[in-house]
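S.K.: sequence first, predicted model second:
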Amino acid sequence: MRSCCRSVYFQLLMDSNIPPRVGRAWRPFRWVVHCWSPVYQFGWYPNHLRVSENNENFGNVSPFLVEKAITGSVGTVTSTKLMRSGDLLVEVASRQQALQIRKLQALSTLSVYVKSHETLNTSKGVITCGRLLNLPIEEITHELSGQGVKDVRRIKIRRDGGLVPTKHFILTFNTPRLPEYIKAGYVRCSVRPYIPNPLRCFKCQRFGHSKTNCRGTLTCSRCAVAGH
């Protein structure tokens, strides 16, 4: 079956003449492109690191000086960005660069300290496993820790005025790339990407930002009229 899928997918990419029935069935996959980053060939490492200056933020430092200092210390990195806090977000391209930059205490004449980014080096996925329904979260987290799982949260639904646990779990992995599956004992569970609910602002009632960062006007959540 796998070889058949590969051959059909290859024909679709080559725009070959294939039967209409097959073409309609595989049309949703025609424009799927899988990009595999070479940085993961070396195994997992924290590829997003936060560089902070001890005395002031990097917003007041020449970007030319920063670029030359980083390149001279660890080589060419994937990207460097200035965060809102004034720290630098550096994405490295290899395990060796990650190890080197973690040891940095100075960039040129600037005293700095480096740590892994809190969220960009993790990923979240969803599994469905009925065999885990009656097990405590602590046991599941402990048993899956050897597969890179750092946190487990059970999805609950509201029914008859109460919260009912389900067989669906949100797993947080200590790697930016989700595995295809995990093994809960002898049970193999496929891992699907976790898609969180959209962020809603309860001040202007729009989506995409929170009330803390809202620049809009106060809007009623019931009638959508501003000013009351």
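M.R.: Received the coordinates, thanks.

S.K.: would you map out the domains in the protein?
M.R.: 48-116, 123-193, 198-227 (the TED database).

S.K.: weakest of those in terms of mean pLDDT?
M.R.: Of all these, mean pLDDT reaches its minimum on domain 48-116 (a mean of 84).

S.K.: quick check, residue 139 in a strand?
M.R.: No - per DSSP: H, G, I helix; E, B strand; the rest coil, residue 139 lies outside any strand segment and is helix.

S.K.: what's the spacing between it and residue 169?
M.R.: 12 Å (CB to CB, to the nearest Å). From N, CA and C alone the C-beta is placed, and that goes for glycine too.

S.K.: for the nearest residue to residue 76 once chain neighbours are set aside, give its distance to residue 77.
M.R.: In this structure, residue 76 finds its nearest non-sequential neighbour in residue 93, 7.4 Å apart by CB to CB, 6 or more residues apart in numbering. To residue 77, residue 93 is 6 Å away according to CB to CB.

S.K.: can you pull the contacts of the most centrally placed residue in the chain?
M.R.: Closest residue to the average C-alpha location of the chain: residue 123 at 4.1 Å, with CA atoms, centre = their mean. Neighbouring residues of residue 123 by CB atoms under 8 Å, 6 or more residues apart in numbering: 172-173, 175-178.

S.K.: could I get those in CSV, plus columns for neighbour count and distance to residue 195?
M.R.: Listed next are the contacts of residue 123 as CSV, based on neighbours: other CB atoms under 10 Å; distance: CB to CB, whole Å:
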residue, neighbour count, distance to residue 195
172, 17, 14
173, 22, 16
175, 17, 18
176, 20, 16
177, 13, 17
178, 18, 12
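
S.K.: show me which of the residues you listed is closest to residue 198.
M.R.: The closest of those to residue 198 turns out to be residue 172 (CB to CB; 19.7 Å).

S.K.: what's the span of stretch 182-196, first residue to last?
M.R.: Criterion CA to CA, to the nearest Å; first-to-last residue distance in stretch 182-196 is 21 Å.

S.K.: where do the strands of the protein begin and end?
M.R.: All strands of the chain, identified by DSSP state E, fall at 48-53, 79-82, 88-91, 106-107, 110-116, 123-128, 149-159, 162-173, 181-184, 187-190, 192-193.

S.K.: could I get these as CSV with distance to residue 203?
M.R.: Output for the strands of the chain, formatted as CSV (distance: least, CB to CB, whole Å):
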stretch, distance to residue 203
strand 48-53, 29
strand 79-82, 28
strand 88-91, 28
strand 106-107, 40
strand 110-116, 33
strand 123-128, 27
strand 149-159, 25
strand 162-173, 28
strand 181-184, 40
strand 187-190, 39
strand 192-193, 30
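
S.K.: nearest to residue 215, of those?
M.R.: Per CB to CB, nearest to residue 215 of the strands of the chain: strand 79-82, 21.2 Å.

S.K.: and that closest one, what does it pack against?
M.R.: If contacts are counted by 3 or more CB pairs under 8 Å, 6 or more residues apart in numbering; DSSP states H and E, strand 79-82 sits against helix 63-74, strand 88-91.
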